[in-house]
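Student: Have a look; sequence and predicted model below, questions after that.
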Amino acid sequence: MTHGPPALGADGRQDARPTPGAPEPDAVRRMFQAIAPRYDLLNTLTSWGEDRRWRRRAAQLTRARPGDRALDVCTGTGRLAALLLERVGPGGSVTGVDFADAMLDRARARLPAIEFLAADARRLPLPDAAVDVATMAFGLRNLDDPVGALTELHRVVRPGGRVVILEFSPIPTGWVRSLVGGYNRRVLPFLARRLAADPGAYRYLAESIERFPSAATVAGWLRAAGFPQVTLVRMSFGVVALHVARRPHPGPAAP
Ligand SMILES: C[S@@+](CC[C@H](N)C(=O)[O-])C[C@H]1O[C@@H](n2cnc3c(N)ncnc32)[C@H](O)[C@@H]1O
């Protein structure tokens with residue numbers, strides 16, 4: 001499925017904001033520092049155990065091949081980066097980028113074959129066209145400038161290379177929406193109180209999932225970042241959306 005025109009804000013301009021009221025990047029970093037020790041467990045619980053299947057599909061949609069250079073931004077504990085490594089093999093390379101050291105410490109301990117860099121998604125420490133494919137899983141929702149970060153991905157992916165964005169997506173209506181909304185509002189905070197050092201963090205995560213804009217808006221951000229063709233894949237009754245974009249090859253120079 002390919003999307004229509006980008007979503008417009010109330011003033012008629014394209015809306016590039018993430019979630020209204022999204023916290024400042026420093027607050028986001030502190031929050032992930034605090035929840036790092038329990039992140040993987042809570043991630044599996046909050047996704048009903050589906051998260052591995054979602055990330056595996058994201059890695060597959062990159063079409064990364066043995067020998068490719070892959071990048072995973074907002075890599076967290078490196079779970080998607082690990083799946084990219086399986087695809088590119090020992091002849092390829094995977095770089096993971098995140099700005100929360102505590103998340104990266106866990107990734108580095110588990111995945112010595114991957115290079116993990118502490119950096120902001122909005123200023124990637126990589127040269128232009130440095131990688132063949134790039135991914136971001138559950139990161140976009142936390143960014144205050146999604147188009148800026150996607151523009152960075154466009155810069156570092158080579159022409160013809162693919163970018164895959166995996167994120168929760170609002171479910172318009174029906175029983176799945178009620179079920180997921182109830183789970184996020186009631187079960188998630190309960191689990192967070194029992195398991196997490198910072199239950200407020202999981203309230204934020206639940207709320208940020210609910211407030212995140214539609215897949216059509218995300219497609220609009222990708223187009224604004226320089227990816228004209230965006231394809232949408234939904235999984236788990238629409239609970240998550242995977243956007244696949246390809247950096248176009250430059251056209252012939254104007255005479
Ligand atoms: C919900 S976690 C997702 C982690 C991982 N991708 C996964 O699939 O489990 C979001 C991650 O994005 C990182 N992050 C948020 N904003 C960032 C930014 N501006 N630059 C770099 N990393 C960021 C956080 O530190 C956190 O590790």
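Tutor: It's in. Residues are numbered from 1 along each chain as shown.
Student: The closest residue to Pro250 other than its chain neighbours: helix or strand, and which one exactly?
Tutor: Distance criterion C-beta to C-beta, 6 or more residues apart in numbering; nearest residue to Pro250, sequence neighbours excluded, is Pro159 at 6.3 Å. Every C-beta, even on glycine, is put in place using the N, C-alpha and C of the backbone. Element membership of Pro159 [criterion: DSSP states H and E] is strand 157-168.
Student: thinking again about what came up before, the residue nearest to Pro250 and Arg246 touch, don't they?
Tutor: No - using C-beta atoms under 8 Å, Pro159 is not in contact with Arg246, being 9.1 Å away.
Student: The two: who's more crowded?
Tutor: Counted by other C-beta atoms under 10 Å, Pro159 and Arg246 do not tie: Arg246 has more neighbours, with 18 against 11.
Student: Phi, psi for that one please.
Tutor: phi -130, psi 130 (degrees, to the nearest 10).
Student: where exactly do the helices run in the stretch 51-200 of the chain?
Tutor: Assignment of helices within the stretch 51-200 of the chain using DSSP state H, counting those that start in this stretch yields the ranges 51-61, 79-88, 101-110, 146-156, 175-182, 188-195, 199-211.
Student: from the stretch 1-150 of the chain, which residue is nearest to the ligand?
Tutor: Closest to the ligand within the stretch 1-150 of the chain is Gly76: 2.5 Å, counting by C-beta to the nearest ligand atom.
Student: Pull the contacting residues for that residue.
Tutor: The contact partners of Gly76, taken as C-beta atoms under 8 Å, 6 or more residues apart in numbering, are 32, 39, 98, 100, 103, 107, 137-139.
Student: what does Thr135 give?
Tutor: Thr135 touches 58-59, 62, 70-73, 80, 84, 163-166, counting by C-beta under 8 Å, 6+ apart.
Student: Could you identify which of those residues has the most neighbours?
Tutor: Highest neighbour count within those: Asp72, with 34 neighbours (other C-beta under 10 Å).
Student: okay, now the closest residue to it other than its chain neighbours: neighbour count?
Tutor: Counting by C-beta to C-beta, 6+ apart, Ala81 is the residue found nearest to Asp72 once chain neighbours are left out, at 4.1 Å. For Ala81, the neighbour count with other C-beta under 10 Å is 30.
Student: Check which residues of stretch 233-250 are buried.
Tutor: Residues of stretch 233-250 classed as buried: 233, 235-236, 238-247 (neighbour count, 16 or more other C-beta atoms under 10 Å).
Student: re the thing from before, look up the pLDDT of the residue nearest to Asp72 for me, please.
Tutor: As predicted, Ala81 sits at a pLDDT of 98.
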